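# Coordinates only, no sequence provided:
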């Protein structure tokens, strides 16, 4: 029996895959739990149209992400921090501060998509952060921590 998956299932498939399973497994488990729907002619046509639209949206998002990467390439951000006289930061510089600095530069990036390479930033200096723009499109940015 052919079904269209609505969720990722281990050893069966990913979302929007059309797979063949035994009818009892489909009728008694997958369909009632909402993990799949029956792959009728109309469901297949709807699925095909949805996949076409999804691919179009995906290509636009990928183009936007690649243009953002080209704009961010070579970007150097300055992040202010309160420091002692020896250059040690009170606390540490985190992804929230980097996200705010990127917003000031005109890039709206969520803090969850930023990772700082290396150890925690606890001193004044130059560091590198990895910014995830879209799925597997990432860019490294340099940032400098300076004393306020």
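Ah, there it is. As the structure is a computational prediction, the values presented were derived from the model and not from experiment.

# tally of neighbours for residue 139?
19 (other CB atoms under 10 Å). To be clear about C-beta, it is placed using only N, CA and C from the backbone, and glycine gets the same treatment.

# Next up, the contacts around residue 85.
Neighbouring residues of residue 85 by CB atoms under 8 Å, 6 or more residues apart in numbering: there are none.

# Next one: it from residue 97, what distance?
21 Å (CB to CB, to the nearest Å).

# Equivalent analysis for residue 138, please.
20 Å.

# Can you give the strand pairings for the helix or strand encompassing residue 129, parallel or anti for each?
Per DSSP states H and E, residue 129 falls inside strand 125-134. Strand 125-134 pairs in its sheet with strand 114-116 (antiparallel), strand 137-147 (antiparallel), by DSSP bridges.

# Just after the first one, pick out the following helix or strand.
Helices and strands here follow DSSP H and E; after strand 114-116, the next one along the chain is strand 121-123.

# Now stretch 21-38: buried residues?
21, 26, 30-31, 35-37 (16 or more other CB atoms under 10 Å).
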